[in-house]
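Colleague: Can you look at this prediction? I've put the sequence above it.
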Amino acid sequence: MNLLLITSDQHRGDCLGSAGRRVRTPHLDLLASQGVRFDACITPNVVCMPARASMLTGLLPLTHGTHDNGIDLDEATGERGFAGTLARAGYRTAFIGKAHFSSNHSEQPTGRCENVPSSHRFPDDWSGPYMGFEHVELMQLGHNYWLPERPPGGLHYERWYHADGLGDLKDRLYRERLPPATRAAQTHNSALPVAWHNSTWVGDRGVEYLRRQAGARDAAGGAPHAPFCAWLSFADPHHPFDAPAPWCWMHRPEDVDLPPVRSRDLAGRPWWHRAALERPPQGGSAEARRVREEYSRMPAQTDAQLRELIANYYGMISLVDHQVGRLMAVLEETGLADDTVVIFTSDHGDWLGDHGLVLKGPMFYEGLLRVPLIVRAPGPVGGPVGGTIAGPNAGPNAGRIVPDPVSTIDLAATLGDYAGVTMPDARHSRSLRPLIEGAAGAAERPDHALTEWRLGPQRCGVALDLRGVRTRHAKLTFEASSGAGELYDLREDPHETVNRFDDPGCAGLRAELMDRLASRPDDRMDPLPLPVGPA
């Protein structure tokens, strides 16, 4: 089985047309109709680096050590992740796009390829290996708060962007604000032509990679040939919200759906909600503190501003969806679809106006915690592997929605299961294949998923040790250093308006969820590594 993992960045689990939001995602909706969509997929961490390290390794953040942004994943640990394990079993492994397993920004060079002060050390013809991937084509950042680094810095995308000598023109066009004018924070309609956008670049490089794999298969003439495992990683819809034309105009602000609860309702919330919003970041350089204040936080937005922001966010998603459609077309055209498992997911979500918040931080509301997860495997969904792709009307299992709580940590074991390769180091990961194929018995159905985040005061002014658990119907977050917490009964309170953590009527539910938190394997790294930079 070939394995194709496609990820977006900061993409809420409900922001698919098939999940009910007013966002145009025809290709992802088709993929969901041909496979299985998981409706309660939980990220193991709500910021980029820990979440991505957990996907790769199949480990929770306090075990692999990248417990916050700015902490490099240990390379030996990364090489024991699913990519390195599959490569050692004979797979051709590749990564294209935004990796973020290592810090982009640091006060001192780290020597890693993704590190801005170090990337000039990597020549133009360097293509890996990196974190178990034999072949890589990387973008260094992908979020144009920082425009693409100029050579000799940058990586594959940045050097391609500047190679034609038009980098200054592209930068000017990116900064140009197309009408209509937007008043929302970190939101504008960009004049950068879509051909130069990094989502298009990932799509282009992904298409070329898949065609090369089909060519290698054809050249083998029916003889055994190595299958591939590729991770294609888009950097959007991460902020700033800057979709290029015409995608920025695809969703009209007046047509988007607003969150039902949009006020910063801090009464009754645990103490760290207010502290994280009001305290200034501590420590680090003055520049790092400025970035935290200006880029990582956002003031409350009016409904009109929020509509503009969401419309642009939807446009970024639709552009990613378009690239997914291109990739699926190549799979079908080349016949690779007949033996390729396709997975689409994201690293974490975005509050996107929930409770008056935008972006991400230490409040584990559903919009931030839940991510999309779609899996399409060859053969009718719910049946044996090895047949043809299930079409939209292929039977009762195609288009099935799985409500069980799962995690992106589970991808490592799932990929290994389809490859027939054990993942001995991915010990927190469980294969989702029985759920995908409709063969999971009651004992095999997961009953909870975990998330955790150890962060220092340099992010939001307060040090926190957050542990979270999500079941099908409830969610608890516990701050281990203070004993405070929050608990929501998602059946009665799907919008998380009433914190029941100290409610005597929920004492039994609280005890059950605390027991689930305590079931986490006792394999936390000690001591934990410290950040080398902000992200």
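Modeller: Yes, it's here. Residues are numbered from 1 along each chain as shown.
Colleague: What about Ser482, how many residues nearby?
Modeller: Ser482: 12 surrounding residues under other Cβ atoms under 10 Å. (Glycine included, C-beta is placed from N, CA and C.)
Colleague: Name the nearest residue to it, sequence neighbours excluded.
Modeller: Distances taken as Cβ to Cβ, 6 or more residues apart in numbering place Trp271 nearest to Ser482, at 7.1 Å, with adjacent residues excluded.
Colleague: How about the backbone phi and psi for that neighbour?
Modeller: phi -60, psi -30 (degrees, to the nearest 10).
Colleague: doesn't Ala484 make contact with it?
Modeller: Yes. Using Cβ atoms under 8 Å as the test, Trp271 is close enough to Ala484 to be in contact (5.8 Å).
Colleague: which non-adjacent residue is nearest His143?
Modeller: Looking at His143 with Cβ to Cβ, 6+ apart, the closest residue is His238, at 5.3 Å.
Colleague: Repeat that for Asp257.
Modeller: Leaving aside its chain neighbours, Asp257 sits nearest to Arg22 (5.0 Å; criterion: Cβ to Cβ, 6+ apart).
Colleague: which residues sit in contact with that neighbour?
Modeller: His251, Asp255, Val256, Asp257, Tyr314 (Cβ atoms under 8 Å, 6 or more residues apart in numbering).
Colleague: Can you add secondary structure and give those residues back as TSV?
Modeller: Putting the contacts of Arg22 into TSV (DSSP: H, G, I helix; E, B strand; the rest coil) gives the following:
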residue	secondary structure
His251	coil
Asp255	helix
Val256	coil
Asp257	coil
Tyr314	helix
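Colleague: tell me the SS of the residue nearest to Asp257?
Modeller: State at Arg22, reduced to three classes by three-state DSSP: coil.
Colleague: which one of the contacts of Arg22 sits closest to Cys48?
Modeller: Checking those against Cys48 by Cβ to Cβ gives Tyr314 as the nearest, at 20.7 Å.
Colleague: quick one: pLDDT of that closest one?
Modeller: On pLDDT, Tyr314 comes in at 98.
Colleague: From the centre of the protein outward, give me the first residue you hit.
Modeller: Asp347 (1.7 Å; Cα atoms, centre = their mean).
Colleague: So for that one, what's the nearest residue that isn't a sequence neighbour?
Modeller: Using Cβ to Cβ, 6+ apart, the nearest residue to Asp347 is Ala51, at 4.1 Å.
Colleague: what do you get for Val324?
Modeller: His27 (4.7 Å).
Colleague: That neighbour falls within a strand, correct?
Modeller: No. Assigned with three-state DSSP, His27 falls outside any strand and is helix.
Colleague: residues contacting it?
Modeller: His27 touches Asp321, His322, Val324, Gly325, Met328, counting by Cβ under 8 Å, 6+ apart.
Colleague: about what we covered before: more neighbours: which of Trp271 and Ala484?
Modeller: Higher neighbour count among Trp271 and Ala484: Ala484, with 15 against 12, using other Cβ under 10 Å.
Colleague: Not counting sequence-adjacent ones, nearest residue to the more buried one?
Modeller: Pro270 (4.4 Å).
Colleague: hey, where'd the helices end up in the stretch 251-400 of the chain?
Modeller: Secondary structure of the stretch 251-400 of the chain (DSSP state H, counting those that start in this stretch): helices at 271-278, 286-294, 303-334, 366-369.
Colleague: ok, how many other residues are close to the spatially closest residue to Val358 that is not a sequence neighbour?
Modeller: In space, and not counting its chain neighbours, Val358 is closest to Met298: 4.5 Å by Cβ to Cβ, 6+ apart. Using other Cβ under 10 Å, Met298 is surrounded by 19 other residues.
Colleague: Please pick out the residue of this protein most distant from its centre.
Modeller: Gly221 (37.5 Å).
Colleague: what residues does stretch 205-212 touch?
Modeller: Against stretch 205-212 from outside (Cβ under 8 Å, 6+ apart): 4, 94, 96-97, 137, 156, 230, 232, 323, 326-327, 330-331, 334, 336.
Colleague: what helix or strand does Val136 sit in?
Modeller: strand 135-139 (DSSP states H and E).
Colleague: no, scratch that, I was asking about Leu169
Modeller: Under the criterion of DSSP H and E, Leu169 resides in helix 167-175.
Colleague: Does anything pack onto that helix? Which helices or strands?
Modeller: Of the remaining helices and strands, none touches helix 167-175 by 3 or more Cβ pairs under 8 Å, 6 or more residues apart in numbering; DSSP states H and E.
Colleague: Whichever helix or strand comes after that helix vs helix 303-334, what angle?
Modeller: Sequence order places helix 198-220 as the next helix or strand after helix 167-175, per DSSP H and E. Here helix 198-220 runs at an angle of 10 degrees relative to helix 303-334 (axes from the mean of the first three to the mean of the last three Cα atoms, to 10 degrees).
Colleague: for Leu464, what are its contacts?
Modeller: Trp272, Ala276, Pro362, Trp453, Arg454, Leu455, Glu479, Ser481.
Colleague: Quick check: the fourth one is in a strand.
Modeller: In other words, Trp453. Yes. Per three-state DSSP, Trp453 lies within a strand segment.
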